[in-house]
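>>> A predicted structure for the sequence below; I have some questions about it.
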Protein chains: 4
Amino acid sequence: MGRRKKEPPNIHRENIALSAHKLFMSNGIECTTMNDIAKESGYSKATLYVYFQNKEEIIAFLVLKSMTKLDEYITLALENQKSTKGRYDMICQGLLEYQKQYPFYFAVALDEINIDFKNSNYLPEEEETYHVGEEINKKLQQFIQEGILANDLKPDIKILPTIMAFWGMLSGLIQISVKKEAYITQELKMSRQEFLKYGFETLYQSIAAEVRE
Amino acid sequence: MGRRKKEPPNIHRENIALSAHKLFMSNGIECTTMNDIAKESGYSKATLYVYFQNKEEIIAFLVLKSMTKLDEYITLALENQKSTKGRYDMICQGLLEYQKQYPFYFAVALDEINIDFKNSNYLPEEEETYHVGEEINKKLQQFIQEGILANDLKPDIKILPTIMAFWGMLSGLIQISVKKEAYITQELKMSRQEFLKYGFETLYQSIAAEVRE
Amino acid sequence: MGRRKKEPPNIHRENIALSAHKLFMSNGIECTTMNDIAKESGYSKATLYVYFQNKEEIIAFLVLKSMTKLDEYITLALENQKSTKGRYDMICQGLLEYQKQYPFYFAVALDEINIDFKNSNYLPEEEETYHVGEEINKKLQQFIQEGILANDLKPDIKILPTIMAFWGMLSGLIQISVKKEAYITQELKMSRQEFLKYGFETLYQSIAAEVRE
Amino acid sequence: MGRRKKEPPNIHRENIALSAHKLFMSNGIECTTMNDIAKESGYSKATLYVYFQNKEEIIAFLVLKSMTKLDEYITLALENQKSTKGRYDMICQGLLEYQKQYPFYFAVALDEINIDFKNSNYLPEEEETYHVGEEINKKLQQFIQEGILANDLKPDIKILPTIMAFWGMLSGLIQISVKKEAYITQELKMSRQEFLKYGFETLYQSIAAEVRE
DNA sequence: AATGAATGAGAGTTCATTCAT
DNA sequence: AATGAATGAACTCTCATTCAT
């Protein structure tokens, strides 16, 4: 296999992306310049362009990574929890964790990752992100199916639309809990956590099977 | 004082803001420059700064305007519809309309308008936007109270948290319906409208009183 | 004489200039805009241009006024003090007072007021300032002559060059005492006043007649 | 690290600063724009900002350079001349030369370089300028001490205050000789050089020991 | 593979001044 | 006489990206 490179390109991509991530977290994506990333990572600015086409690709790389993490989290959650409600709770926790660790990427993922077959300018990372998303969706599909079979969820649920709608609603809920934390604390007299718990519970009732006596 | 005013300043603010709005809609807020707005509105760039402190204030003006429209819409909806479900549907329609006409401003409102009493650098428009938001919230509060009294909504609803949560969830739902329209159409085999209707219905069930027989 | 104007233009010029002066003193000449002056004076920006050709003329007006004050001060000083040294001290005090009240105008006067007969773009105020300067010079000339006659000053002094040189040196001394006050206090362990007194005394010795025994 | 450097960065700083200096000399500092400097130097405007933080740093660089030159000049003067008067004359020549080559920087140095330990926003060049100034002061201190020991200067001179006062007075003298050259030529019937010679001599007498017979 | 060096193309903002009324 | 309204012309500074080596 010939001479082995001391550090395969992946290492450099990881280094750069990690530095970028740190900066994105503290200053925001917009306010982070390629210069900043170069300094933080210890590479020269030009070298950044050896490993990534442009700033957008660094973001896409991180979006993919965050989605992969989310996939792992949800996979684990579904394996470990067996009850429907327990699983739902863990999924909500997963999203919460995701937003905590990667607060900026969900919006990007939502914005950019589309099966837009006309516009084929998408980056490989974006395509892969899409696939990871599909993986997650499959697992959620199964989760709902099992929930219905267990009589925990309403039998007439349209599975795919429900998943998509819940993606939107849960992330909207988390989003508002972050942006309006001050309002929630002061006017609602709740902690953000309490608010989210209440929101998650409320939403769950929209798909939970009604309890018969 | 001048002897006559051809057009009250408000007209100019409206002209400028309208031009800005057009450009924001087609190119996005970030990508629209003051130069663009000047050209589109027919005023010189310097004149823009006669009527607005800066770009931010143009945005704040439009955010306020959009919120006011939403308030009007919701007010009308609650007046015209008497049934709880009818009102809920109209509110959803209002949000939908809002997002159609002002797709970028909700995010801004969410981002910038906060009861941040420490930082008093907020623009007057931002303060007013906050108050319009509070107006809307009051009306929604009454709506829910009446819904409970009419036995249409669960009696144990926490009103304010529910409103806040629904703001988040409904806008998240609408957001995803826009961003992922292609996916919805192709994979869920639904129109965006059908998806939204399903989402709205699902969510309603989380607060709807259970039907007794 | 017909109808009398309620306020002769001079009043307006005074009002405007006074407002400008206030702002110049607190923010500097460069940083004071015509807008600021308009607001401070209560006139509209356009009205400023009714009474002054431009910003430069406002400055020239104030420079003239400050020179006139200096003239008055020195005139009084020479009248009240009869001893040569007493007069010198009062002149120094006058310059000190001048720099305190009009810290920015001496530099301007130095810069702009020149008998530059080629360039006839000078403002009427500038011409008048020149003449006030000449008035002062005449009085100083007489002061020196009397000082020589009284055997207080060296008899071989070249009067006009001495006046000009003293203008430069005294204002340079005052200038440095202002700009380097921190340095003087910390490193020289003197107050600005003490430093100036020492400087004035030292300089006086360069023209004082040597004391015979 | 790059394999080779065509020109060390200093060369570029020198190039840029030299171009800036040329423009400052003909148009003044205020009226020279970064655009002008870019054109004159042949670099792009953006490149200017690679080598200097901002316009202020270009000025600070030139101020430092000019102070360094002055230091060199004075050092040489004190080494070559052994008599007190000869040294004084050379120092005056040095200041004259300084003002000729760098007419704008003394005012800046006076304005900006201060031991303002609270405000630590000063540029490295400004700090260094301060130190060069201190170097000069030390040499002048020694010059005066030797002058006193040689009975050429009055024994009761306060050394540091004298240095500071002379800085101010000499630069004020030179300043006025430049600004009022026309007046001096026409009204005093002297050349600028003669005027300065007279001024320098006069001032020297304020510290010169009185000649005994 | 890695980078020093360079930049095109703006961005938002400011201000003295003018002019029709 | 007085001004509301409007603006041309700058200004400093930024940043993602490229390219020769």
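Okay, I see it. Just so we're clear, the structure is a prediction, and the values are computed from it rather than from any experiment.
>>> What residues does chain A have near DNA strand E?
A:5, A:7, A:12, A:43-47, A:49-50 (C-beta under 7 Å from any atom of the strand). The C-beta positions use only the backbone N, C-alpha and C, and glycine is treated the same way.
>>> run the last query once more with 10 Å
Residues of chain A lying close to DNA strand E by C-beta under 10 Å from any atom of the strand are A:5-7, A:9, A:11-12, A:34-35, A:38, A:41-51.
>>> Are any of those buried, and if so which?
Among the residues of chain A next to DNA strand E, those buried by neighbour count (16 or more other C-beta atoms under 10 Å in any protein chain shown) are A:12, A:34, A:38, A:41, A:43, A:48, A:51.
>>> Farthest pair within those residues?
For those, the maximum inter-member distance is 15.1 Å, found between A:12 and A:34 (C-beta to C-beta).
>>> Quick check: residues of chain A near DNA strand F?
Residues of chain A lying near DNA strand F (C-beta under 10 Å from any atom of the strand): A:27, A:29-38, A:44-50, A:52-58.
>>> Any stretches of chain A with poor pLDDT?
A:1-9, A:112-120, A:211-213 (pLDDT under 70).
>>> So what touches stretch A:26-43?
Stretch A:26-43 has contacts (C-beta atoms under 8 Å, 6 or more residues apart in numbering or on different chains) with A:12, A:15-16, A:18-20, A:22-24, A:44-45, A:47-48, A:55, A:58-59, A:104, A:108, B:30.
>>> Could you tell me the end-to-end distance of that stretch?
Its first and final residues considered, stretch A:26-43 spans 20 Å by C-alpha to C-alpha, to the nearest Å.
>>> Same question for stretch A:40-55.
So stretch A:40-55: terminal residues 15 Å apart, C-alpha to C-alpha.
>>> With stretch A:73-92 instead?
11 Å.
>>> what kind of secondary structure is whichever residue of chain A sits closest to chain B in?
Of all residues in chain A, the one sitting closest to chain B is residue A:172 (1.8 Å; C-beta to the nearest C-beta). Per DSSP: H, G, I helix; E, B strand; the rest coil, the secondary structure class of residue A:172 is helix.
>>> Quick check: the residue of chain A nearest chain C.
residue A:31 (29.1 Å).
>>> what about that residue, is that helix, strand or coil?
Quick answer, by three-state DSSP: residue A:31 is coil.
>>> related to what we said a few turns ago, pick the one among the buried ones among the residues of chain A next to DNA strand E closest to DNA strand E.
Checking those against DNA strand E with C-beta to the nearest atom of the strand, the nearest one is residue A:43 at 4.4 Å.
>>> That closest one should be in a strand, yeah?
No. According to three-state DSSP, residue A:43 belongs to no strand; its state is coil.
>>> how close does it sit to residue A:50?
If you measure residue A:43 against residue A:50 using C-beta to C-beta, to the nearest Å, the figure is 9 Å.
>>> Name all residues that sit in contact with these two at the same time.
residue A:12.
>>> picking up where we left off before, just give the number of residues close to the residue of chain A closest to chain B.
Residue A:172 has 24 neighbouring residues, counting by other C-beta atoms under 10 Å in any protein chain shown.
>>> quick one: the residue nearest to it when sequence neighbours are not counted and residue D:94, what's the gap?
Spatial nearest neighbour of residue A:172, excluding adjacent residues (C-beta to C-beta, 6 or more residues apart in numbering or on different chains): residue B:172 at 1.8 Å. To residue D:94, residue B:172 is 74 Å away according to C-beta to C-beta.
>>> Same question for residue A:96.
Look at residue A:96 and residue D:94: by C-beta to C-beta, they are 72 Å apart.
>>> okay, these two: which has more neighbours?
residue D:94 (22 against 18).
>>> can you tell me the helix or strand for the more buried one?
helix D:84-101 (DSSP states H and E).
>>> The helix or strand residue A:138 falls within close to chain B?
Assigned by DSSP H and E, residue A:138 belongs to helix A:124-149. No. Helix A:124-149 is not in contact with chain B by C-beta under 8 Å from any C-beta of the partner chain; minimum separation 8.9 Å.
>>> tell me how far that helix is from the chain's mean position?
12 Å (C-alpha atoms, centre = their mean, to the nearest Å).
>>> now for it, which elements pack on it?
helix A:55-80, helix A:84-101, helix A:105-112, helix A:159-179 (3 or more C-beta pairs under 8 Å, 6 or more residues apart in numbering or on different chains; DSSP states H and E).
>>> What angle do helix A:84-101 and that helix make with each other?
160 degrees (axes from the mean of the first three to the mean of the last three C-alpha atoms, to 10 degrees).
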